[in-house]
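Student: Could you work out the structure for the sequence below:
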Amino acid sequence: MSESPDHDLLLSDDERLHALNVLSEHYAAGRLNVDEFYEQSNTVASARTLDGLRESFRGLPGGVPLESVGGFIRKIQEPERLPAPKQDSDAAKGFLTAERRVGNCLTETSGQPSRVT
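Tutor: Now for the predicted structure:
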């Protein structure tokens, strides 16, 4: 990801969607909790410029999945999905055993949504 004077280039809807998809992968990998994911998703969805995305991807592997090249914005494709950290605690293993993933949220085995914080 290059730093250039083009940091204020306006984003297209397709570029914002690409950034949201990458953010979703970080959430699915467990790098963001649900509150962080929704907050950062709102920020990305309303970002007008490339520079407006930087804070949402701070601290995430790969950083902003877009870069400016010669006055244009280019999508950065990840060669493969980044693996989640492999530091499962016994408590986390027990929790996930009792729950199952459905879409973007965890639900109890009874099918009722549960809030994970």
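
Student: C-alpha from now on. contacts and neighbour counts both.
Tutor: Will do.

Student: Would you verify that residue 51 is located in a helix?
Tutor: Yes - checked against DSSP: H, G, I helix; E, B strand; the rest coil, residue 51 lies within a helix.

Student: what's the neighbour count on it?
Tutor: Other residues lying near residue 51 total 17 when counted by other CA atoms under 10 Å.

Student: let's have the chain start at 30 instead
Tutor: Got it, first residue is 30 now, which makes that one residue 80.

Student: okay, it: pLDDT?
Tutor: You'll see residue 80 listed with a pLDDT of 94.

Student: Helix, strand or coil: sort out residue 96 for me.
Tutor: Classified using three-state DSSP, residue 96 is strand.

Student: Can you classify residue 90 as helix, strand or coil?
Tutor: coil.

Student: quick one: the helices in this protein?
Tutor: For the chain, the helices defined by DSSP state H occupy 42-57, 63-75, 83-86, 119-127.

Student: Which one of those lies nearest to residue 106?
Tutor: Proximity to residue 106 (CA to CA) singles out helix 42-57 among those, at 9.5 Å.

Student: Check which residues of that closest one are buried.
Tutor: Using 16 or more other CA atoms under 10 Å as the test for burial, helix 42-57 gives 44-45, 47-49, 51-57.

Student: Make TSV out of these and add pLDDT and distance to residue 71.
Tutor: As requested, those are exported to TSV (pLDDT from 0 to 100; distance: CA to CA, whole Å):
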residue	pLDDT	distance to residue 71
44	96	15
45	95	11
47	95	14
48	95	11
49	95	9
51	94	14
52	94	11
53	94	12
54	93	16
55	94	15
56	94	14
57	93	17
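
Student: Tell me the one of these nearest residue 76?
Tutor: Nearest to residue 76 among the buried residues of helix 42-57, with distances taken as CA to CA, is residue 45, at 7.7 Å.

Student: Residue 98: which of the helices of the chain is closest?
Tutor: When those are compared by CA to CA, helix 42-57 sits nearest residue 98, at 14.0 Å.
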